[in-house]
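Participant: One predicted model, sequence on top.
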Amino acid sequence: MARALGRLGPLWAGGRRRLPGSDTLRQQELKNSFSMQAKMPPCDFSPGKYESYPYERMLKIRKQNLAPSLVTYYKKPLLLHQGHMQWLFDYEGRRYLDLFAGIVTVSVGHCHPKVTAAAQKQLGRLWHTTNIYMHPLIQEYVEKLTALLPDPLKVVYLTNSGSEANDLAMFMARLYTRNFDLICFRGGYHGGSPYTLGLTCIGSYKHGVANAFGCQSTMLPDVFRGPWGGSHCRDSLVQTIRKCSCSPGCCEANNQYIEQFKDTLSTCVPKAIAGFIAEPIQGVNGAVQYPKRFLKEAFQLVRERGGVCIADEVQTGFGRTGSHFWGFQSHGVVPDIVTMAKGIGNGFPMAAVITTPEIANSLAQTLHFNTFGGNPMACVVGSAVLDAIAEDGLQKNSTEVGTYMLLEFAKLRDKFEIIGDVRGKGLMIGIEMVKNKTFRVKPPMCITKEDAAFAVEVFHAALMRHLERTAAS
């Protein structure tokens, strides 16, 4: 049986599209266009035998002893047992193609041999010493990491999670500027800690307690859902089906969204602000992209108000978007602070904040350190991940396989009226359905074109089954 493992993103509603021709004729055309049974690509890896508790006991323990906020998204929750590169195996030995990478975290592949070997070697040498002492790996790693960023982004704070990294970035922005207010996009996700929840503007993450003091949201420049947008707005091979009358080199939608940003600056915050944070492509919100020049113009407006600009690279970083190693590079900007997590450690709990020497000095006036940030295990894993990305050509693979997937999904959008939008860049893809759901396709960067073809076929089959059920009802 064909299986592809993915995840549904946040719920959103969109306008309905109609295709020409009667429903009956259109359904028959679609059936005729799809006759092949999706065949899972081969895998030369065999998982070990599952030897833990029976499934029902696992389910009972989860319900009784794990936080009820940990949702599973499946009628029968998956019990995963082992992973190998782009593949996952459940307790019964069934194989799945991972299209979500542990929430966009497994960058180079599950149990990547190089990363695994480096971690195993370090386990026998030194697990932990606080970073107030020197050990070789922390210096070696930060030198390797900062070499991948432009000047003056050369000072690193190593932390344990993306929420913690964004929390620290907020703190640094306020300390450095001596201002308080921060601006963020609606639809953005920057963490679930009490501090970062002020910047997270997705209703399902809000708990009804005070958390947004000093955080002001602004209109998301979304060229699909928003009031303005056309057929040339975003940095993607696939544009919206909305048409525009923009002249060459001029994006009317961008101009309109910039005016909204200016309105926020003039009405909702003081004359001097601490900063502005944005994901180069919104992740949790379904791979939402902005007009091409928006961030560059917004950064200039923020700096004119004394604020710093923060790029949240938690999902877009480390080559996932393909054309660049960092998402902000495709916008032609250099942020003042960059946060990163998830793919930085391929599943190991680590994160980082990288900034300028001047901003970093604002945090040096009093004691600040992280007990586990930059421990030997984290540094050796992070270093091995960077090596794997380079040696395996994973940034290039993100471009090639991501381009193929994006264009194939766009063909399905043109066939099925229930798909409203397909967008993204590299292996960061969003498929927005007309009613309520966004599929987030962000697999490990080692996925092959053959795997991608299988994933598209499975998605096509699911759409056909939906069409048949709709016709029968």
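Facilitator: Great, that's in hand. Note that this is a predicted model, so its numbers are computed, not measured. Numbers count the residues shown, from 1 in each chain.

Participant: Not counting its neighbours along the chain, what's nearest the spatially most central residue of the chain?
Facilitator: Closest to where the C-alpha atoms of the chain average out (Cα atoms, centre = their mean) is Gln315, at 3.1 Å. Counting by Cβ to Cβ, 6 or more residues apart in numbering, the nearest residue to Gln315 once its immediate chain neighbours are dropped is Gly283, at 3.7 Å. C-betas here are computed from N, CA, C, even on glycine.

Participant: can you pull the contacts of the one you found?
Facilitator: Residues in contact with Gly283, defined by Cβ atoms under 8 Å, 6 or more residues apart in numbering, are 104, 189, 314-316, 428, 440, 442.

Participant: rewinding a little: what pLDDT does the residue nearest to the centre of the chain get?
Facilitator: Looking at Gln315, its pLDDT reads 98.

Participant: what does the one 10 residues further on give?
Facilitator: You'll see Phe325 listed with a pLDDT of 98.

Participant: cool, Arg7 as well?
Facilitator: Looking at Arg7, the pLDDT reads 45.

Participant: try the one 4 residues further on
Facilitator: Reading off the per-residue confidence, Leu11 sits at a pLDDT of 23.

Participant: Tell me if Glu156 really is in a helix.
Facilitator: Small correction: residue 156 is Val, not Glu. No - using DSSP: H, G, I helix; E, B strand; the rest coil, the assignment for Val156 is strand, not a helix.

Participant: Adjust the sequence numbering to begin at 315 for everything that follows.
Facilitator: From this message on, residue numbering opens at 315, which makes the last subject Val470.

Participant: Surely it touches Val667?
Facilitator: Yes - contact criterion Cβ atoms under 8 Å: Val470 and Val667 qualify, at 7.3 Å.

Participant: So if I had to pick from these two, which one is more boxed in?
Facilitator: More neighbours surround Val667 than the other of Val470 and Val667, with 27 against 22 (other Cβ atoms under 10 Å).

Participant: what helix or strand is that one on?
Facilitator: strand 665-669 (DSSP states H and E).

Participant: Show me what counts as buried in whichever helix or strand comes after that strand.
Facilitator: Remark: after strand 665-669, the chain's next helix or strand is helix 671-675, criterion DSSP H and E. Across helix 671-675, burial judged by 16 or more other Cβ atoms under 10 Å covers 673-674.

Participant: Return the helix or strand in this protein with minimum mean pLDDT.
Facilitator: strand 326-327 (a mean of 27; mean pLDDT, DSSP states H and E).

Participant: ok, now which ones touch Leu440?
Facilitator: The neighbours of Leu440, taking Cβ under 8 Å, 6+ apart as the test, are 449, 690.

Participant: Sorry, slip of the keys, the one I care about is Pro671.
Facilitator: With contact taken as Cβ under 8 Å, 6+ apart, Pro671 is in contact with 466, 468-469.

Participant: and with 10 Å instead?
Facilitator: Pro671 is in contact with 466-469, counting by Cβ atoms under 10 Å, 6 or more residues apart in numbering.

Participant: Quick check: the gap between the residue nearest to the centre of the chain and Lys739.
Facilitator: Distance check for Gln629 against Lys739: by Cβ to Cβ, to the nearest Å, it reads 12 Å.

Participant: between the two, what contacts are shared?
Facilitator: Residues touching both Gln629 and Lys739 by Cβ under 10 Å, 6+ apart: 594-595, 601, 635, 641.

Participant: Out of those, which comes closest to Arg371?
Facilitator: Arg371 has its nearest neighbour among the shared contacts of Gln629 and Lys739 in Ala601, at 37.7 Å by Cβ to Cβ.

Participant: Just say helix, strand or coil for the closest residue to that closest one other than its chain neighbours.
Facilitator: In space, and not counting its chain neighbours, Ala601 is closest to Gly744: 3.1 Å by Cβ to Cβ, 6+ apart. Assigned with three-state DSSP, Gly744 falls in the strand class.

Participant: Could you report the neighbour count for Gly744?
Facilitator: Around Gly744 there are 26 residues (other Cβ under 10 Å).

Participant: re earlier: narrow the contacts of Gly597 to those in helices?
Facilitator: Val418 (DSSP state H).

Participant: Dump the contacts of Gly597 to TSV, plus distance to Leu551.
Facilitator: Shown next, in TSV, are the contacts of Gly597 (distance: Cβ to Cβ, whole Å):
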residue	distance to Leu551
Val418	20
Tyr503	25
Val628	24
Gln629	19
Thr630	17
Met742	13
Arg754	18
Lys756	17
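
Participant: now, which of the contacts of Gly597 lie within strands?
Facilitator: Among the contacts of Gly597, the ones falling in strands (DSSP state E) are 742, 754.

Participant: between the contacts of Gly597, which is nearest Ile732?
Facilitator: Of all these, Ile732 sits closest to Arg754, with 17.1 Å by Cβ to Cβ.

Participant: wait, doesn't the closest one sit right on Tyr503?
Facilitator: No - using Cβ atoms under 10 Å, Arg754 makes no contact with Tyr503, being 11.5 Å away.

Participant: Now for those two: what residues contact both?
Facilitator: Common contacts of Arg754 and Tyr503, defined by Cβ under 10 Å, 6+ apart, comprise 324, 597-599, 629.

Participant: Quick check: the farthest pair among these?
Facilitator: Across these, no pair lies farther apart than Pro324 and Gln629, at 13.9 Å, counting by Cβ to Cβ.

Participant: Now do the shared contacts for the two.
Facilitator: The contact sets of Pro324 and Gln629 overlap at 503, 598, 754 (Cβ under 10 Å, 6+ apart).

Participant: Quick one: residues contacting the closest residue to the second one other than its chain neighbours.
Facilitator: Which is Val598. Distance criterion Cβ to Cβ, 6+ apart; nearest residue to Val598, sequence neighbours excluded, is Tyr503 at 3.7 Å. Contacts for Tyr503 (Cβ under 10 Å, 6+ apart) come out as 324, 476-477, 480, 510-511, 513-516, 519, 593, 596-599, 626, 628-629.

Participant: Out of those, list just those in helices.
Facilitator: Secondary structure assignment by DSSP H places 476-477, 480 of these in helices.

Participant: could those residues go into CSV alongside distance to Arg488?
Facilitator: Formatted as CSV, the ones in helices among the contacts of Tyr503 follow (distance: Cβ to Cβ, whole Å):
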residue, distance to Arg488
Gly476, 19
Ser477, 17
Asn480, 13
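
Participant: Serialize these to TSV and add fields for distance to Lys557 and pLDDT.
Facilitator: Shown next, in TSV, are these (distance: Cβ to Cβ, whole Å; pLDDT from 0 to 100):
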residue	distance to Lys557	pLDDT
Gly476	37	97
Ser477	40	97
Asn480	37	98
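
Participant: Domain-wise, how is this structure divided?
Facilitator: Per the record, the chain has its domains at 318-425+707-786, 430-705, by automatic domain parsing.

Participant: what ranges do the helices span in this structure?
Facilitator: 337-346, 369-379, 415-418, 427-437, 450-460, 476-491, 566-581, 608-618, 671-675, 690-705, 708-729, 763-786.

Participant: ok, and what's touching the shortest one?
Facilitator: Right, helix 415-418. Against helix 415-418 from outside (Cβ under 10 Å, 6+ apart): 319-321, 394, 397, 400, 402, 421-424, 476, 597-598, 628-630, 634, 655-657, 660-661, 741-742, 754-761.
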